[in-house]
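S.K.: test case, fold it:
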Amino acid sequence: MKKETKSEETAQEGASRRAGKQKKGSGRVGRILLYIVLFLAVLIGRSAQWALDEWGDLTLAEIAFTLTQPLTGTDTGIYVSYVLYAVVPAVAVVALVILIRAILKRKAAKAAEKPAPGKLSHVRKAVLPLATIAGVIFGGWQAYRFYDLVGIDDYVTGLGEKSTYIEDNYADPAKTAITFPEEKRNLIYIFLESMEVSYSDTESGGLFEEGFIPELTEMAKTYEDFSGSDNTVLDGGAALKYSTWTMGGMFAATSGLPLKIPIEVKGVGTNSMNTQDSFFPNLTVLGDILKKEGYTNDLCIGSDATFGGRRLYFSGHGDYQFHDYVYYTGEGGELPGTYKVWWGFEDEKLFTFAKARLDELSSGSEPFNFTLLTVDTHYPDGYVCDICPDTYDSQYKNVIACSSTQVAEFIAWCQEQDWYENTTIVLSGDHPTMNKELCSDAAYDYVRKCYTCYINAAVEPVRDDYREYATVDNFPTTLAALGCTIEGNRLGLGTNLFSEEDTLIERDGLDYVNTELQKASDWMDAQADFKEVTADITYEDYDPETQTITMTLKNVTSDQVDGFKVSLRMYGYIVNDSDYVSWTYSEETEPGTHVVTIKIPTRQAFDGRIKIQPHCLIDGVRGIHLDTHYYYLKYDAGGGNAVAYQCDKYGNPLEE
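M.R.: Next comes the predicted model:
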């Protein structure tokens, strides 16, 4: 009897131990899941905050355009900014919770002999769930703010609602009589990166008691910014929707249109402009008009002109000559090939190179259009060059102040040259800054405007009131400043500000215009004339002997594509705690034929799907992906006993 009782007790103890181990194991899995949820929640929340800080004034389509551009010519600071802003805090929060739980565990062990020994243990158990709940609330709220402020709802609604506002109000330059003066004036057009009227003092219409662009403020008051006869409060161009980043701003000012493009054509992304053969080829823009009139067009910038489609746009519309980072660091350039600061080279060098280039252009017999784009004032905090002051309370203010000084000195140099008398200079901010913190004190109804100033224009404004206008109005206004007469005083969506005609904003209101621009426009899609980038792709069966998959790509429809880069993802083949991913470059075996041979890893046994995605390469930069293809693979460690077939995304064999 005693033996049976002891045996029963032993069995009960064993069952209890097993149950305890199972409970402990399930508890460990639960904690891991909570840590993952906590990390993702904080990451999502901080990512949403970062995106709003960086791009709060952009629409979803504009953000998509920016993020899908090729990396050539960019500054890597934005990626560092994201990691520091979003990834590091998410890791830090999880680490802090782990540390707090460890400290409480140690204290609970020491308090085990004291009254209420379980109190600390209960607190310790509650820390992780409470932190996770707080993290989910934080992440959910920030994601909602992003959804609301970026206008995802408006964007989705706009997809189902079309507008003819653009085509109804578009004045086609190709069908508009534009008459140049007998003696054609030169044009210097300076796009000032992220330059706003907001940076001036409050008495001049800015946001700051002490403005930090005194030279630019004085020039706007001395020359023409269309602020009217009072001329004490600076005026500037509002950035309409789809005009709030550099390429969008440059496009608006030279075409009179927002850079509104379809995100996809037949399910394939189009925002990587470098995959296209042309950039809105059916439009007539400033460069086209000036080239037809015998002008030499030139673009001088301190970054790679390829980025964002600038090279494609300006080469196709006006046959611009490019004096950019690639030019000055290339063979025969004035900078060593290894030189790189910020996005390429700083504005101090840009203005030095610009003077030399203007000496060359002015020695010719043709009128010239010399376009510059500054870069030092790019967000998040600008680039501090050797001549930047240390006057203000932030790096960004000091960089902006430095830009104001450099631009003023460059204008003063121009005014000393023999060719200045017959030259008009336009200063225009490309878009409002994406540094949200700098202008965070702006009232809800304060319109942040791009800095605008016309110097040595050939005409005077007819009206003397404070004009409400946008950067699209710069297109006809620039031609008028050169002494041109424009039939109807309108080009694109822009109005000649020297005339008496109302702008679209003055007629319809800024909010209404932006609302209409966000709606789908068949006319704009047609003008974009995006070509779907395709290729004939042949996928071979898996070769168990070489443990490879070979694919061949031919007949690519874009002349810009010079190769391919193919991704491989193996679901369930775990390396470093995640699915195996690799990239393989193509080899051009004969003109127009590209072969990719993907090596399949076989160190561990595998039974599952793999996904293959070929991407275009333009100048070595990965662009849009062309296709997604799946295989089912099963093999032992080392690759033996292989079973393989091509399948759909669910693993079902493809029909032959």
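
S.K.: which residues of the stretch 51-200 of the chain fall in helices?
M.R.: Secondary structure of the stretch 51-200 of the chain (DSSP state H, counting those that start in this stretch): helices located at 60-67, 77-82, 88-110, 119-149, 152-159, 165-169.

S.K.: turn the ones you listed into CSV, columns for mean pLDDT.
M.R.: Compiled in CSV, the helices of the stretch 51-200 of the chain are given as follows (pLDDT from 0 to 100):
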stretch, mean pLDDT
helix 60-67, 54
helix 77-82, 68
helix 88-110, 83
helix 119-149, 80
helix 152-159, 58
helix 165-169, 97
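
S.K.: please work out which of these is packed deepest.
M.R.: Of all the helices of the stretch 51-200 of the chain, helix 60-67 carries the top mean neighbour count, a mean of 19, counting by mean count of other C-beta atoms under 10 Å. Yep, even glycine has a C-beta here, placed from its N, CA and C like the rest.

S.K.: tell me what the strand or helix carrying Asp525 is packed against?
M.R.: When elements are defined using DSSP states H and E, Asp525 is found to belong to helix 522-528. Helix 522-528 makes packing contacts with helix 165-169 when contacts are defined by 3 or more C-beta pairs under 8 Å, 6 or more residues apart in numbering; DSSP states H and E.

S.K.: one step back: what residues sit buried inside the helix or strand following the helix holding Asp525?
M.R.: For helix 522-528, the succeeding helix or strand toward the C-terminus, using DSSP H and E, is strand 536-539. Using 16 or more other C-beta atoms under 10 Å as the burial criterion, the residues of strand 536-539 that qualify are Ile537, Tyr539.

S.K.: give me the neighbour count for Asp543.
M.R.: Each residue near Asp543 was counted by other C-beta atoms under 10 Å, and the total is 14.

S.K.: across the sheet, point out what pairs with it.
M.R.: When bridges are assigned using DSSP bridges, the partners listed for Asp543 are Thr548.

S.K.: test my guess that Thr534 contacts Val556.
M.R.: Yes: in terms of C-beta atoms under 8 Å, Thr534 counts as a neighbour of Val556; the distance is 7.3 Å.

S.K.: what about the two, which has more around it?
M.R.: Val556 (21 against 14).

S.K.: any idea how far Ser521 is from Arg507?
M.R.: When C-beta to C-beta, to the nearest Å is the yardstick, Arg507 and Ser521 sit 19 Å from each other.

S.K.: same check, this time on Gln415
M.R.: When distances are taken as C-beta to C-beta, Gln415 and Ser521 turn out to be 42 Å apart.

S.K.: one more: Glu360?
M.R.: 41 Å.

S.K.: compare these two and say which is more crowded by neighbours.
M.R.: Neighbours were tallied for Glu360 and for Ser521 using other C-beta under 10 Å; the higher tally belongs to Ser521 (22 against 12).

S.K.: residues touching that one, list them.
M.R.: Lys162, Ser163, Thr164, Tyr165, Ile166, Glu167, Lys260 (C-beta atoms under 8 Å, 6 or more residues apart in numbering).

S.K.: widest-spaced pair of those residues?
M.R.: Considering C-beta to C-beta, no two members of the contacts of Ser521 lie farther apart than Thr164 and Lys260, which are separated by 13.3 Å.

S.K.: on that earlier part again, same list (the helices of the stretch 51-200 of the chain) but as JSON lines, adding distance to Arg31.
M.R.: As requested, these are exported to JSON lines (distance: least, C-beta to C-beta, whole Å):
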{"stretch": "helix 60-67", "distance to Arg31": "35"}
{"stretch": "helix 77-82", "distance to Arg31": "28"}
{"stretch": "helix 88-110", "distance to Arg31": "9"}
{"stretch": "helix 119-149", "distance to Arg31": "6"}
{"stretch": "helix 152-159", "distance to Arg31": "34"}
{"stretch": "helix 165-169", "distance to Arg31": "55"}
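
S.K.: to Gly248, which of these lies closest?
M.R.: Distances from Gly248 to each of these were compared by C-beta to C-beta, and the smallest falls on helix 60-67, at 6.9 Å.

S.K.: would you mark the buried spots in the helix holding Asp525?
M.R.: Trp523, Met524, Gln527, Ala528.

S.K.: relative to Trp419, which of the residues you listed is nearest.
M.R.: The closest of those to Trp419 turns out to be Gln527 (C-beta to C-beta; 35.9 Å).

S.K.: what is the least confident helix or strand in the protein?
M.R.: Every helix and strand in the chain was compared by mean pLDDT, DSSP states H and E; the lowest is strand 268-269, with a mean of 41.

S.K.: now tell me what touches whichever helix or strand comes after that one from outside.
M.R.: Next in sequence after strand 268-269, counting helices and strands by DSSP H and E, comes helix 286-292. Applying C-beta under 8 Å, 6+ apart, the contact partners of helix 286-292 are 173, 178, 187, 253-255, 297, 314, 317-320, 369, 475, 478-479.

S.K.: which of the residues you listed ranks first by neighbour count?
M.R.: Ala253 (30 neighbours).

S.K.: which residues of the stretch 551-656 of the chain fall in strands?
M.R.: Listed in chain order, the strands found in the stretch 551-656 of the chain under DSSP state E, counting those that start in this stretch are 563-575, 578-585, 587-590, 593-599, 606-618, 621-625, 629-635, 643-647.

S.K.: so which elements touch whichever strand or helix holds Leu358?
M.R.: Secondary structure here is read from DSSP H and E; on that basis Leu358 sits in helix 347-362. Helix 347-362 sits against strand 186-192, strand 296-301, strand 368-373, helix 395-415, with contacts defined as 3+ C-beta pairs under 8 Å, 6+ apart.

S.K.: what residues sit buried inside it?
M.R.: For helix 347-362, burial by neighbour count (16+ other C-beta under 10 Å) applies to Asp347, Lys349, Leu350, Phe351, Phe353, Ala354, Arg357, Leu358, Leu361, Ser362.

S.K.: can you pull the contacts of Ala143?
M.R.: Contacts here follow C-beta under 8 Å, 6+ apart; on that basis Ala143 touches Ile44, Gly45, Ala48.

S.K.: Serialize the residues you listed to CSV and add fields for secondary structure, distance to Gly483 and neighbour count.
M.R.: Shown next, in CSV, are the contacts of Ala143 (DSSP: H, G, I helix; E, B strand; the rest coil; distance: C-beta to C-beta, whole Å; neighbours: other C-beta atoms under 10 Å):
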residue, secondary structure, distance to Gly483, neighbour count
Ile44, helix, 55, 20
Gly45, helix, 55, 24
Ala48, helix, 50, 23
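
S.K.: just those: which has the poorest pLDDT?
M.R.: When the contacts of Ala143 are sorted by pLDDT, the bottom entry is Ala48 at 81.

S.K.: quick one: residues contacting that one.
M.R.: Shown in contact with Ala48 (C-beta under 8 Å, 6+ apart): Gly139, Gln142, Ala143, Arg145, Phe146.

S.K.: good, we can wrap up now.
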